[in-house]
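Asker: predicted coordinates and the sequence they were generated for:
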Amino acid sequence: MENFTFYSPTYFVFGRETENEAGKYVKRFGGSKVLIHYGGSSAKKSGLLDRVEASLKNEGLEYVMLGGVKPNPRSELVYEGIELCRKEGVDFILAVGGGSVIDSSKAIAAGTVYDGDFWDFYCGKLIEEALPVGTILTIAAAGSEGSANSVITKEEGMFKRGSHGDAIRPKFSILNPELTQTLPPYQTASGITDIMAHLYERYLTNTKDVEVTDRLIEALLLTMKHEGPRVIADPNCYEARANIMWAGMVAHNNTCGVGRSQDWNSHAIEHELSALYDCPHGAGLAVTMPAVFKYQMGHDVMRFAKVAVRVWGCQMDFDHPEVTALEGIEAFQNFLISLGMPKNFAELGAKEEDIPKLAHVLCHGDGRNGTISGFVTFNEEDCTKIYKMMV
Ligand code: NZQ
Ligand code: ZN
């Protein structure tokens, strides 16, 4: 196991009707003037925003509102949010929504207290200071409610890039599984895929003997394998929603990733797809992961065989471990397809003729130096081949 530090200071409030306590927690974590940041229409339609406003009023908190965060959130609204926070003297940001709303909130939080362009943080600069952020999560997926990361798309060039820093870990996150019951099935399945991707990205490691985190990841993958079909069959199943919601947090606050190298190439390759086609990130991952895994399987075939046996119930073929490894990748892909996820470019809405552009922006666009590195290092030619495998 490698040396590590792990700082995960978020206060989690989990369960039914917990959104009504939002005001209490904003106050506890020092907020007096709040920006309520939200997305398109779902939080308004469900009445969630009204309940959150009432909770803030109950605590005598002042607030301003900024909605309109799009999935795969854009830089333009971040600039607007930064300006609003400075003008209004906002000292706390409350994100009401999914990963996109939370990531936009984190970007505004970092940008408001920074002299330069907030985009610097999305080109490699560490975030060391930010306004405090709290979240009320409405979709189990990105794990941003517990993570030190944010992903934003810059309109100019459509670069989708990530930032990180413990300063943007939420001060508190309210997780009420009931709030996820209004999700369309495709979004639910995209979320499940993203959660499983966060587990695989950590499972694919070059660090030896990391059995604790290996086993934690396998347990979470098994949970998703059990709960995924249950929630697709019965979207109102509270218990399945609850297990998925907590798994989504644990999968990405790095509990399962400490002390080991991680992959993240599937995410980098996918981010170009959701930037260009505006598809849900999880749906993009459903198409990306099987191709990436097959392409890099030979790097450590036993690792793929291990997850195939322990999670997907494959029989170990000791003479031909590559057969077991491949069976595991196919079982995973078939599982995602059974949830309603796409299996290729056409089903995702991606176009083969865009591959040269996708691979080029991925390896040479903003913040990149010709390669992407994780479990293995890929150059533009590797990425081109991988995108072609998805067609
Ligand atoms: O905008 P509204 O109307 O709310 O609709 C949203 C949106 O269309 C809808 N939705 C959310 N909760 C709902 C609901 N609809 C009905 N009922 C509800 N309860 O779902 C759609 C997707 O929302 P979004 O926030 O985009 O989903 P998700 O949580 O999957 O976030 C995706 C973003 O997170 C980034 C992705 O790249 C993508 O940009 N990621 C962020 C990470 C992080 N910060 O740590 C890590 C991830 O790997 C990921 O890259
Ligand atoms: Zn993800």
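Answerer: Received it, and whenever you're ready, just let me know what you need. Ligands and ions are numbered 1, 2, ... in the order given.
Asker: and the stretch 1-150 of the chain, which residues reach ligand 1?
Answerer: Residues of the stretch 1-150 of the chain found near ligand 1 (C-beta under 6 Å from any ligand atom) are 39-43, 71-72, 97-101, 103, 138-139, 141-144, 147, 149-150. The C-beta positions use only the backbone N, C-alpha and C, and glycine is treated the same way.
Asker: next, the residue nearest to L221 when sequence neighbours are not counted: phi, psi?
Answerer: Distance criterion C-beta to C-beta, 6 or more residues apart in numbering; nearest residue to L221, sequence neighbours excluded, is V311 at 4.7 Å. With angles defined as degrees, to the nearest 10, V311 sits at phi -110, psi -40.
Asker: just give me the neighbour total for V311.
Answerer: 24 (other C-beta atoms under 10 Å).
Asker: could I get the contacting residues of it?
Answerer: 218, 221-222, 225, 328 (C-beta atoms under 8 Å, 6 or more residues apart in numbering).
Asker: now stretch 338-345: average pLDDT?
Answerer: For stretch 338-345, mean pLDDT rounds to 98.
Asker: any part of it near ligand 1?
Answerer: No: Stretch 338-345 is not in contact with ligand 1 by C-beta under 6 Å from any ligand atom; minimum separation 13.1 Å.
Asker: can you check stretch 271-289 too?
Answerer: Yes: judged by C-beta under 6 Å from any ligand atom, stretch 271-289 comes into contact with ligand 1 at 274, 281-282.
Asker: out of the residues you listed, which comes closest to ligand 1?
Answerer: Within these, the smallest distance to ligand 1 is 3.8 Å, found for H281 (C-beta to the nearest ligand atom).
Asker: my guess is the closest one contacts I195, does it?
Answerer: No: H281 is beyond contact range of I195, at 11.3 Å (criterion: C-beta atoms under 8 Å).
Asker: intersection of neighbour lists for these two?
Answerer: Joint contacts of H281 and I195 (C-beta under 8 Å, 6+ apart) are A141.
Asker: next, the distance between the ends of stretch 17-25.
Answerer: Distance between the two ends of stretch 17-25: 14 Å, counting by C-alpha to C-alpha, to the nearest Å.
Asker: can you give me the strands for the stretch 251-391 of the chain?
Answerer: 371-373, 377-379 (DSSP state E, counting those that start in this stretch).
Asker: re the thing from before, next step: the residues of the stretch 1-150 of the chain next to ligand 1 restricted to strands.
Answerer: 97, 149-150 (DSSP state E).
Asker: any quick ChimeraX command for the buried ones out of those?
Answerer: Selection command for ChimeraX covering only the buried members of these, criterion 16 or more other C-beta atoms under 10 Å:
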select :97,149,150
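Asker: and the ones in strands among the residues of the stretch 1-150 of the chain next to ligand 1, which is closest to ligand 1?
Answerer: N149 (3.6 Å).
Asker: got the contact list for the closest one?
Answerer: Shown in contact with N149 (C-beta under 8 Å, 6+ apart): 103, 106, 162-164, 168.
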